[in-house]
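Visitor: sequence-free structure coming up:
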């Protein structure tokens, strides 16, 4: 397991599969503040967070990366260090 901290903007949110505890997105792309791009596949997001997650949102995002799946652990919208 690895934690990935991203400061930037949600650029693309792929197709979603609804689950009891939230959503699983086929892919997500983030544009970082430093000009880079982070592409992640199979991202699970808790229900509360998935209801507010939209392309264009900027802030600090924490992803938990595993071998075959990833989880968006937290999002602080509009917050940068």
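Guide: Happy to help now that I have it. Treat the numbers as computed from the prediction; the structure is a model and nothing was measured.

Visitor: contacts, neighbours, all on C-alpha from now
Guide: Will do.

Visitor: can you list the residues that contact stretch 1-20?
Guide: Residues from elsewhere that reach stretch 1-20 (C-alpha atoms under 8 Å, 6 or more residues apart in numbering): 23-33, 54-67, 80.

Visitor: Same question for stretch 34-46.
Guide: 21-32, 68-73.

Visitor: ok, now stretch 52-63?
Guide: With C-alpha under 8 Å, 6+ apart as the criterion, stretch 52-63 contacts 3-13, 70-80.

Visitor: Cross the residues you listed against helices and list the overlap.
Guide: When the contacts of stretch 52-63 are checked against helices (DSSP state H), there are no matches.

Visitor: Give me the buried subset of those.
Guide: Buried by 16 or more other C-alpha atoms under 10 Å: 6-11, 13, 70-73, 75, 77, out of those.

Visitor: with those residues in mind, which one is nearest to residue 49?
Guide: Closest to residue 49 out of the buried ones among the contacts of stretch 52-63 is residue 75 (7.8 Å), distances taken as C-alpha to C-alpha.
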